[in-house]
Structure formats: C-alpha cells, structure tokens
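**Student:** only the shape, not the letters, is given here:
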C-alpha cells in the first residue's frame, strides 16, 4: 500500500473511528513500516482463513 492510499483510507474512516484513532494512525505514517511483520500478519490471516 502506498502512503497516499493509506492516508486516503484514514481520512475516509476518520469520522467512523473512536476519538484519536485516526490521528494516531496518521501520525504513525511518519514511522518506517516493518514490512516483514506486515507480511507475516497477512500470511497468518490467509492461513487461518484456509482452516
């Protein structure tokens, strides 16, 4: 996902999220993503979905 896509996603859902969550998400974009951890989360999700 690109930075622009995630920013747009946060903006789209900001009004539906608890107070501070969208701001925290936006602030976190300044940090470097741990791509290996994200890849593991995605793989785990699909493995679990397969049963």
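**Tutor:** Arrived safely, thanks for sending. The shown structure was predicted, so the numbers you read here are calculated from the model rather than taken from an experiment.

**Student:** for residue 38, see how far away residue 45 is.
**Tutor:** Residue 45 sits 11 Å away from residue 38 when distances are taken as Cβ to Cβ, to the nearest Å. Quick note: C-beta positions are derived from backbone N, CA and C, even for glycine.

**Student:** now residue 12
**Tutor:** Counting by Cβ to Cβ - residue 12 and residue 38 are separated by 20 Å.

**Student:** now do the helix ranked longest in the chain: distance to the chain's middle.
**Tutor:** Longest helix of the chain, by residue count under DSSP state H: helix 35-50. The chain centroid and the centroid of helix 35-50 are separated by 13 Å under Cα atoms, centre = their mean, to the nearest Å.

**Student:** same question, stretch 9-29
**Tutor:** Distance, stretch centre to chain centre, for stretch 9-29: 10 Å (Cα atoms, centre = their mean).

**Student:** what's the average pLDDT for that stretch?
**Tutor:** For stretch 9-29, mean pLDDT rounds to 95.

**Student:** could you list the buried residues of that stretch?
**Tutor:** If you call a residue buried by 16 or more other Cβ atoms under 10 Å, then stretch 9-29 has these buried ones: 10, 22, 25.
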